[in-house]
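J.: Got a predicted structure here, sequence first:
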Amino acid sequence: MRLSFFFVPMLLLQYSIASLAMTTLSNLTTDQSTLLTFKARVVDYRSVLTNNWSISYPICTWIGISCGSRHQRVTALNLSDIGLGGTIPPHLGNLTVLVSLDVSLNNFHGRLPNELGRLRRLRFISFTLNKLSGSIPTWIGILSKLQMLSLRNNSFTGPIPNSLFNLSMLEMLKAKDNILDGNIPSRI
Ligand SMILES: *[C@@H]1O[C@H](CO)[C@@H](O)[C@H](O)[C@H]1NC(C)=O
Ligand SMILES: *[C@@H]1O[C@H](CO)[C@@H](O)[C@H](O)[C@H]1NC(C)=O
Ligand SMILES: *[C@@H]1O[C@H](CO)[C@@H](O)[C@H](O)[C@H]1NC(C)=O
Ligand SMILES: *[C@@H]1O[C@H](CO)[C@@H](O)[C@H](O)[C@H]1NC(C)=O
Ligand SMILES: *[C@@H]1O[C@H](CO)[C@@H](O)[C@H](O)[C@H]1NC(C)=O
Ligand SMILES: *[C@@H]1O[C@H](CO)[C@@H](O)[C@H](O)[C@H]1NC(C)=O
């Protein structure tokens, strides 16, 4: 029994060190490599990113990028209507202080990567007008700060997961023009 008094503080200490390491590991430089990986993996039909997302220029001046003044990290990504395609790379899940993600009016297809469930600060998400498919992921329900979610005009199938009805800050959910079924709970 005595051992537990020793081990609990040790575990807490290890946990604090681990989370400290996690926060210091991510900075503007790691956000830059995340975005360069993103650029390398998507299709850039109009070459909008080709010369603009370049290490020759500060990342916060790149098209579609906004940085927060406090943390010096990427806080918003607005890539609306710039002619991108391919699948959404899981690497976006490394932009851990992202508040707003707008990839509307592009040609992204495939499933949403589970890694996006790490973006716990997201308040705004728009996937409007792409060709995204698969079920609407239940992990959207853990993004507790979410205020606006648009899945409009994609090829999502199946029901709206119950977890979404747990989002108490959610003011707007757009899900029109998909292949959804199921009901919206009456308590909503
Ligand atoms: C950012 O993080 C990387 C990897 O953790 C580190 O090597 C680098 O020195 C950091 N850069 C700044 C400006 O803090
Ligand atoms: C990249 O695009 C942004 C937004 O259009 C623009 O302000 C910036 O000057 C561009 N950078 C370069 C190097 O062209
Ligand atoms: C993204 O940019 C487009 C046009 O450039 C604008 O209409 C849209 O409101 C922006 N999205 C967000 C979340 O600010
Ligand atoms: C970013 O995310 C990818 C895929 O989720 C992962 O493999 C990679 O190790 C991450 N990179 C950093 C620097 O955290
Ligand atoms: C949805 O997208 C399809 C294909 O791009 C288009 O034909 C259709 O008009 C769009 N519907 C709406 C309501 O925007
Ligand atoms: C909703 O939130 C409660 C409390 O956090 C949790 O117990 C429950 O499993 C959640 N429901 C769904 C469907 O995620």
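T.: Good, I have the coordinates. Ligands and ions are numbered 1, 2, ... in the order given.
J.: Check residue 179 and give its pLDDT.
T.: Residue 179 is assigned 89 on the pLDDT scale.
J.: I figured it was touching residue 153, is that so?
T.: No: the pair residue 179 and residue 153 fails to qualify as a contact (CB atoms under 8 Å) at a distance of 11.3 Å. Using the backbone N, CA and C atoms, a C-beta is placed for each residue, glycine as well.
J.: Phi first, then psi, for residue 38.
T.: phi -60, psi -50 (degrees, to the nearest 10).
J.: Not counting its neighbours along the chain, what's nearest it?
T.: Once flanking residues are discounted, residue 38 sits nearest to residue 89: 5.2 Å by CB to CB, 6 or more residues apart in numbering.
J.: give me the number of residues near that neighbour?
T.: Counted with other CB atoms under 10 Å, the neighbours of residue 89 add up to 17.
J.: which SS class is residue 139?
T.: On the three-state scheme (DSSP: H, G, I helix; E, B strand; the rest coil), residue 139 is labelled helix.
J.: do the same with residue 30
T.: helix.
J.: Up against ligand 2, what does the protein have?
T.: Within the chain, the positions adjacent to ligand 2 are 52, 57, 61, 63 by CB under 6 Å from any ligand atom.
J.: Which two of those have the greatest separation?
T.: Greatest spatial distance in the residues of the chain next to ligand 2: 57 and 63, 10.2 Å, computed using CB to CB.
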